[in-house]
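**Student:** Pasting the sequence and the predicted coordinates here, then a few questions.
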Amino acid sequence: MALDGKTAIVTGAAMGIGKAITEILLKNGAKVAVLDVNKVEGENLVKDLNKEYGADRALFLSCNVESDEEFKAAFQKAAEAFGAIDILCNNAGILNEEKWQDMISINLAGVIRGTYLALEHMRKTNGGGGGVIVNIASMAGLGPLLTCPVYTATKHGVIGFTRAVAAASAASNYGIRVNALCPSFVGTELFTTIEHKLGQFAHLKGAANQLVEKLGVLNTPEVAECILELVTDETKNGEAFMVRTEMKGYVPFPSLSSTDKP
Ligand SMILES: NC(=O)C1=CN([C@@H]2O[C@H](COP(=O)(O)OP(=O)(O)OC[C@H]3O[C@@H](n4cnc5c(N)ncnc54)[C@H](O)[C@@H]3O)[C@@H](O)[C@H]2O)C=CC1
Ligand SMILES: CCCCCC(=O)/C=C/C=C\C/C=C\C/C=C\CCCC(=O)O
């Protein structure tokens, strides 16, 4: 899928990884609806982006991904403004083990909410043009982050959901691919404020720091770059793409071919 003239929705796009994803999509010719709970950051960003990339290329829509109503209204407004939606990036996420119910609601249920709305708008069997969904999971969706068991669970959930929906979409001829991106540590506000958001297992933070030392810290453009491949490569569906400082690649999963029939 070439990006020129395509339209995208990115959640949690006012800051951090979502902001970098928005910028790379704009640079490659797409229009982007920037969804976020942070109105001040979101509106300022869109003002700057429209100066840089051209009037009306970016649109800010206030949206909490925990709210069915706000999410639905944002999709509707983006579709009206852009004509159709081709790409959804479910990026919004938090890390706060003390507010673990909020994490499940945003990191996992928010991804499910966004994906189901996108399927309704985009699926070819409902008059849509097809498209692609990228869910921002984490390396913590592939292995355990000891200080953050619930965060780990939400990200494992995102990968499982992505793989199942991708296969279901293909089996239903929806024309929509669904992939997950799994970055290691990235230097954003989520990462730099972690110290204050650990709960029950905060005493294990030394082990987490050692892992940060070992894996290093990515910057947001490096992560955003990986989105391009998942969006444009038509052969990629149901993939988990891991990005670390020293390597990146598609994650192999065990084959369950004799037992994985619906
Ligand atoms: N920073 C890191 O080390 C890593 C982050 N990730 C994932 O990447 C995604 C983005 O994280 P960062 O950019 O690091 O975080 P960030 O904290 O820098 O930015 C998150 C953005 O999401 C928005 N947001 C938060 N809750 C929201 C909600 N309920 N509805 C709509 N928007 C909401 C915030 O206002 C903010 O603009 C998350 O899903 C995170 O789990 C994955 C791997 C590593
Ligand atoms: C503590 C801040 C968390 C930042 C958010 C995030 O999602 C980052 C995760 C990055 C990596 C660690 C995740 C899980 C650990 C899994 C496997 C460890 C294997 C490491 C190795 O030795 O290769």
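**Tutor:** Yep, it's here. Ligands and ions are numbered 1, 2, ... in the order given.

**Student:** Whatever residue of the stretch 51-200 of the chain ends up closest to ligand 1: how many residues sit nearby?
**Tutor:** Here the stretch 51-200 of the chain gets closest to ligand 1 at one residue, residue 93, 2.2 Å apart by CB to the nearest ligand atom. All C-beta atoms are positioned from the backbone trio N, CA, C, and that covers glycine. Around residue 93 there are 26 other residues, counting by other CB atoms under 10 Å.

**Student:** before we move on, what about residue 50?
**Tutor:** Applying other CB under 10 Å, we find 16 residues neighbouring residue 50.

**Student:** before we move on, the earlier item: so the residue of the stretch 51-200 of the chain closest to ligand 1 touches residue 106, yeah?
**Tutor:** Yes. Using CB atoms under 8 Å, residue 93 is in contact with residue 106, at 6.2 Å.

**Student:** hmm, back to that, with adjacent residues omitted, what lies nearest to the residue of the stretch 51-200 of the chain closest to ligand 1?
**Tutor:** In space, residue 93 comes closest to residue 107 once its chain neighbours are excluded; the distance is 4.6 Å by CB to CB, 6 or more residues apart in numbering.

**Student:** I'd assumed residue 94 was in contact with the one you found.
**Tutor:** Yes. If you go by CB under 8 Å, residue 107 and residue 94 touch, sitting 6.8 Å apart.

**Student:** Same drill for the two, tell me which one is more crowded.
**Tutor:** For residue 107 versus residue 94, the count of surrounding residues by other CB under 10 Å is larger for residue 107: 26 against 16.

**Student:** How confident is the prediction for whichever residue of the stretch 1-150 of the chain sits closest to ligand 2, by pLDDT?
**Tutor:** Using CB to the nearest ligand atom, the closest approach of the stretch 1-150 of the chain to ligand 2 is made by residue 143 at 2.7 Å. For residue 143, the model assigns a pLDDT of 98.

**Student:** does it count as helix, strand or coil?
**Tutor:** When classified by DSSP: H, G, I helix; E, B strand; the rest coil, residue 143 comes out as coil.

**Student:** For the stretch 1-150 of the chain, just list every one of the helices.
**Tutor:** Taking DSSP state H, counting those that start in this stretch to define them, one finds helices in the stretch 1-150 of the chain at 16-27, 39-53, 68-82, 100-103, 110-122, 149-171.

**Student:** Kindly compare burial across these and name the winner.
**Tutor:** Greatest average neighbour count among the helices of the stretch 1-150 of the chain goes to helix 16-27 (a mean of 23), per mean count of other CB atoms under 10 Å.
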